[in-house]
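Engineer: Provided below are the primary sequence and the corresponding predicted coordinates.
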Amino acid sequence: MRGIEGEQVLLRLIVSESRYEAGQPLFRAILELLRKEGVAGTTVLKGIAGFGHDRDIHTIDIEVASLGLPLVIEVVDTPEHVERVLGKLEPLLAGAVVMLERAHVIRYTNSATG
Amino acid sequence: MRGIEGEQVLLRLIVSESRYEAGQPLFRAILELLRKEGVAGTTVLKGIAGFGHDRDIHTIDIEVASLGLPLVIEVVDTPEHVERVLGKLEPLLAGAVVMLERAHVIRYTNSATG
Amino acid sequence: MRGIEGEQVLLRLIVSESRYEAGQPLFRAILELLRKEGVAGTTVLKGIAGFGHDRDIHTIDIEVASLGLPLVIEVVDTPEHVERVLGKLEPLLAGAVVMLERAHVIRYTNSATG
């Protein structure tokens, strides 16, 4: 893994889990692309409720409305790498929320592989 | 949906899932208010463990202690809108953690509804 | 609970749930230490997918690969307190991703315990 200590970027993509892209869940297509592009690290969190595109509240415990729960895909990497990856991600991001935050990475090491 | 590109605010509310307000879970009362106020987008994440108000660790896999797991309610919107909504939320937020972070929103579109 | 309003720090640790430390899950060892050190608040979120140390995508719905899902441990406290706690956490953080973000805490109160 690349070391990416210092002032970096936390990229957050919010997509619906019910969106598909070419027959597979959109978030998987995004994960595959992120891995292929070699981003330093990615975490996917699943929301239990939320709203965004529409005015319906999606929630996990009302069965009929449990489609479309939000997924938060977090990527941490250098500003340059995030910028480049965003260009590649663009065709997948219609309807997604895309946010950038500054993050100070103070450790990003792996004792096993350096 | 309103477009909210540019420098915006990520509002994060951390509340206990076991809190109720007027007979319904507090987080639902908050979600309803956020929707009524027309915030651009909201995501609710559920923690598997945490502590805050008290010194007990709440965790999902010790059954007896699995009450009071934290919920993270994330709202992204303009600084002005977040400010206004916070005023309305105030009666619901006793005991909650309320954080504001800056977020650069580079895309917030919906191909379907613009 | 200490009041920590104002400009504070959001510390985020990303660790694998499958890592153990002295016979217990690493995240629990971290939680115990955080509580002992008296941090203001901690939330643990569990990812459904992610990658970091290696190039394998870990995901919750491919059973064989559901080990090693990421946990995001979030801590909010003053810069000084976070700095001190990080020193204590250091022996536990090999391989972890450690990020610091600025967060403006506008409320951190508990009507019950002040």
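Structural biologist: It's in.

Engineer: how about the helices in chain A?
Structural biologist: For chain A, the helices defined by DSSP state H cover A:26-36, A:79-89.

Engineer: wait, which of the ones you listed is closest to B:Ile48?
Structural biologist: Distance to B:Ile48, taken as Cβ to Cβ, is lowest for helix A:26-36 among these, at 19.9 Å. No exception for glycine: its C-beta is placed from N, CA and C like everyone else's.

Engineer: other SSEs contacting that closest one?
Structural biologist: strand A:6-16, strand A:41-46, strand A:70-77, helix A:79-89, strand C:49-51 (3 or more Cβ pairs under 8 Å, 6 or more residues apart in numbering or on different chains; DSSP states H and E).

Engineer: neighbours around A:Asp87, how many?
Structural biologist: Actually, residue A:87 is Gly. It isn't Asp. A:Gly87 has 9 neighbours, counted by other Cβ atoms under 10 Å in any protein chain shown.

Engineer: nope, A:Arg102 is what I meant
Structural biologist: As a burial measure, A:Arg102 scores 17 neighbours (other Cβ under 10 Å).

Engineer: For it, list the residues it contacts.
Structural biologist: By Cβ atoms under 8 Å, 6 or more residues apart in numbering or on different chains, the contact set of A:Arg102 is A:Glu7, A:Gln8, A:Val9, A:Leu10, B:Arg102, C:Glu101, C:Arg102.

Engineer: Please repeat the previous calculation with a cut-off of 10 Å.
Structural biologist: For A:Arg102, the contact set (Cβ atoms under 10 Å, 6 or more residues apart in numbering or on different chains) comprises A:7-10, A:79, B:101-104, C:99-102.

Engineer: thinking again about what came up before, kindly reformat the helices and strands packed on helix A:26-36 as TSV and extend each row with distance to chain B and mean pLDDT.
Structural biologist: TSV is the format used below for those (distance: least, Cβ to the nearest Cβ, whole Å; pLDDT from 0 to 100):
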stretch	distance to chain B	mean pLDDT
strand A:6-16	6	93
strand A:41-46	6	92
strand A:70-77	5	94
helix A:79-89	7	95
strand C:49-51	14	86
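
Engineer: which of the helices of chain A is buried the deepest?
Structural biologist: Using mean count of other Cβ atoms under 10 Å in any protein chain shown, the stretch among those with the largest mean neighbour count is helix A:26-36, at a mean of 18.

Engineer: picking that back up, show me which of the contacts of A:Arg102 are buried.
Structural biologist: A:Gln8, A:Val9, A:Leu10, B:Glu101, B:Arg102, B:Ala103, C:Met99, C:Leu100, C:Glu101, C:Arg102 (16 or more other Cβ atoms under 10 Å in any protein chain shown).

Engineer: Fine by me, thanks again.
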